[in-house]
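Asker: Here's my sequence, what's the structure:
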Amino acid sequence: MRWYGAAGIAGAAALSAALGAAEAPTLDAAALSGGDATVMDIGPQAYLRPIASLTADQTKRFKTGHHLFDTRWVIFWFEQGEWGAGPTFNARGCGDCHVRNGRGAPVAGGADAHPMVLRLSLPGMNEHGGPLPDPHYGDQLQTQGVERVVPEEGSVEVRWIESTTTFDDGETVTLRKPEVSIRQLNFGPFGDGVMISARTPPALVGAGLIDAIPEDEILALAARTPVDGIRGRPNRVWDFAQKRLAVGRFGHKATHSTLRQQIAAAFSADIGVSSDYFPEQNCPGPQRACQDLMPAGRPELGHVRWDAVETHLRSTAVPARRDVGDAVVKRGEQLFVEARCAVCHVPELKTGEVPGYASLSNQTIRPYTDLLLHDLGEGLADNRPDFMASGSEWRTPPLWGIGLTRAVNGVTTYLHDGRARTLTEAILWHGGEATVAREAFRAMPREDRAALVRFLESL
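Answerer: Predicted coordinates:
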């Protein structure tokens with residue numbers, strides 16, 4: 001692993017110099033969240049550090065991918081930026097939503113709902129078993145277009161609905177959930193029975209290690225004996241490279257099977273950049289102006305740029321845990337296990353062989369996920385199926401790096417739509433299979449609740 005110091009190294013200009021940093025001192029094995037792909041950085045760049053074993057060529061592609069991730073994508077060739085965006089889109093670049101590879105910023109409410117996006121589908125399935133897109137708006141509402149040429153599909157407003165819940169010792173917590181309104185639909189009404197799911201961008205930390213976990217490892221977790229009614233199952237999704245169904249591992253509902261596919265899907269849905277996997281942009285039936293502006297030269301995400309962004313995300317290391325020997329943190333870890341949190345948020349997994357990436361290969365990693373779908377109840381349900389995932393099922397999100405959310409993003413938001421402002425709120429939204437864990441947390445004395453949260457903050 002590499003050592004970057006407690007304060008981190010600020011600024012994109014420091015990234016190149018950081019590649020030559022000295023090797024880290026030895027840490028407790030429990031602190032090595034990514035195995036050999038671990039860095040020690042608790043600053044704003046903590047999710048951006050490269051793994052230690054990159055070749056010169058990989059280092060070059062990593063830097064290029066980092067640039068492409070943060071650059072502004074443009075619609076016309078004469079604009080300044082990377083060509084290929086639009087004609088309709090939600091963002092002009094990956095970094096608009098995943099700031100420093102982190103989570104999407106919170107939504108204050110009102111007309112500006114960015115970076116919340118709305119996934120759309122109708123009842124039924126497409127030819128691969130996935131969601132059926134809306135005939136007028138596709139599978140994601142595009143809130144930006146080309147001024148005076150291609151109108152945006154619609155605009156989004158968000159209002160937060162608050163409620164209060166009480167711990168067994170009488171302490172109260174205010175929870176919130178989004179109420180989404182769609183304004184100015186420019187291409188007619190949605191199709192009958194449209195299902196809408198509000199999403200905010202997740203953190204991308206450790207994506208290369210998640211991609212490196214063998215499918216058999218995930219299936220073995222699904223085959224475990226249920227504990228207190230908790231039993232996850234894999235989502236089986238269409239794999240564009242293999243042209244068959246495969247186990248999903250990326251996305252809020254585990255809807256993409258590989259990192260490369262997840263990258264292509266995000267470029268297509270969020271920025272309007274086509275690729276071999278997604279050759280058509282979001283210009284459904286009645287959107288004639290959008291179709292007329294479709295340029296030649298597709299796919300816009302050529303393999304050189306695609307490979308560079310993939311190398312950047314694959315080669316980004318995971319921050320080391322902090323304070324693993326602290327007595328309160330250890331107490332919180334024990335409570336995490338006793339409350340059944342660790343049944344879904346599995347502490348340790350193993351990666352397989354990743355050709356050309358020694359730091360990712362055959363590693364014991366600590367992502368705190370099983371990558372399986374779990375029914376989390378009506379409180380978190382979006383009521384929108386996605387391949388095998390039901391409207392109340394969600395993939396267990398990895399927890400590594402979660403304690404650095406504020407350091408990276410400046411704010412804290414959690415869960416699929418950013419409703420939870422604290423880790424305590426996130427726990428209290430759990431229902432369904434996770435009810436036993438939530439109620440165990442609710443019943444804990446205040447000092448035990450604080451210890452469990454302190455443990456999460458150490459990850």
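Asker: list the contacts for residue 284?
Answerer: 133, 134, 135, 136, 137, 138, 187 (C-beta atoms under 8 Å, 6 or more residues apart in numbering). No exception for glycine: its C-beta is placed from N, CA and C like everyone else's.
Asker: Of those, which is the most crowded?
Answerer: Among the contacts of residue 284, residue 137 has the most neighbours (other C-beta atoms under 10 Å), with 28 neighbours.
Asker: Show the contacting residues for the residue nearest to residue 289 when sequence neighbours are not counted.
Answerer: Of all residues not flanking residue 289 in the chain, residue 150 sits nearest, at 4.8 Å (C-beta to C-beta, 6 or more residues apart in numbering). If you count contacts by C-beta under 8 Å, 6+ apart, residue 150 has them with 86, 87, 88, 287, 289, 290, 293.
Asker: and if we set it to 7 Å?
Answerer: When contacts are counted by C-beta atoms under 7 Å, 6 or more residues apart in numbering, residue 150 touches 87, 88, 289, 290, 293.
Asker: Spell out which helix or strand contains residue 330, please.
Answerer: helix 327-338 (DSSP states H and E).
Asker: Identify the residues contacting that helix?
Answerer: Under C-beta under 7 Å, 6+ apart, the answer for helix 327-338 is 323, 342, 444, 448, 451, 452, 454, 455, 458.
Asker: ok, now stretch 250-267?
Answerer: Against stretch 250-267 from outside (C-beta under 7 Å, 6+ apart): 94, 199, 202, 207-208, 211, 235, 237, 239-241, 246-249, 273, 275, 277-278, 301, 306, 309-310, 313-314, 371, 373, 386-387, 389, 393-395, 416.
Asker: could I have it exported to CSV, CA atoms only?
Answerer: The C-alpha coordinates for stretch 250-267 follow below in CSV (Å, rounded to 0.1, in the frame of the first residue of the first chain):
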residue,chain,number,x,y,z
PHE,A,250,-22.7,-2.8,-9.7
GLY,A,251,-25.5,-0.3,-9.1
HIS,A,252,-28.1,0.2,-6.4
LYS,A,253,-29.9,-3.0,-7.5
ALA,A,254,-26.8,-4.9,-8.8
THR,A,255,-27.9,-4.3,-12.4
HIS,A,256,-24.5,-4.5,-14.1
SER,A,257,-22.1,-7.4,-14.0
THR,A,258,-18.8,-5.7,-14.8
LEU,A,259,-17.1,-2.5,-14.2
ARG,A,260,-16.7,-1.9,-17.9
GLN,A,261,-20.4,-2.3,-18.5
GLN,A,262,-21.3,0.0,-15.6
ILE,A,263,-19.0,2.7,-17.0
ALA,A,264,-20.7,2.4,-20.4
ALA,A,265,-24.2,2.5,-18.9
ALA,A,266,-23.4,5.7,-16.9
PHE,A,267,-21.9,7.4,-19.9
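Asker: Find the nearest non-adjacent residue to residue 94, please.
Answerer: Residue 94 sits nearest to residue 69 (C-beta to C-beta, 6+ apart), 4.6 Å away.
Asker: Surely that neighbour and residue 309 touch.
Answerer: Yes: the pair formed by residue 69 and residue 309 meets the contact definition of C-beta atoms under 7 Å, at 5.9 Å.
Asker: For those two, indicate the residue with more neighbours.
Answerer: With neighbours defined as other C-beta under 10 Å, residue 69 and residue 309 compare such that residue 309 has more, 24 against 21.
Asker: Just give the nearest non-adjacent residue to that one, would you?
Answerer: Closest to residue 309 by C-beta to C-beta, 6+ apart is residue 65, at 4.5 Å.
Asker: and the one you found, how many neighbours?
Answerer: For residue 65, using other C-beta under 10 Å, the count is 24.
Asker: what's the next secondary structure element after the helix or strand hosting it?
Answerer: Here residue 65 sits within helix 56-70, counting by DSSP H and E. Downstream of helix 56-70, the next assigned helix or strand under DSSP H and E is strand 73-74.
Asker: What lies in contact with that next one?
Answerer: The contact list for strand 73-74, computed with C-beta under 7 Å, 6+ apart, reads 80, 81, 82, 83, 84, 85, 92, 93, 271, 273.
Asker: so, if you compare the residues you listed, which one comes nearest to residue 431?
Answerer: Closest approach between these and residue 431, by C-beta to C-beta: residue 271, at 34.1 Å.
Asker: Can you list the buried residues in stretch 252-268?
Answerer: Within stretch 252-268, the residues scored as buried using 16 or more other C-beta atoms under 10 Å are 252-268.
Asker: scratch that, stretch 371-389
Answerer: Here stretch 371-389 shows 371-377, 379-382, 384-389 as buried, counting by 16+ other C-beta under 10 Å.
Asker: Quick check: residue 449 vs residue 55, distance?
Answerer: 47 Å (C-beta to C-beta, to the nearest Å).
Asker: Ok, residue 258 next?
Answerer: 22 Å.
Asker: Show me where the chain dips below the pLDDT cut-off.
Answerer: Along the chain, segments meeting pLDDT under 70 span 1-26, 106-115, 294-297.
Asker: Now do the helices in it.
Answerer: 13-18, 56-70, 94-97, 207-211, 215-222, 259-266, 288-292, 303-314, 327-338, 341-344, 405-409, 423-428, 435-443, 446-458 (DSSP state H).
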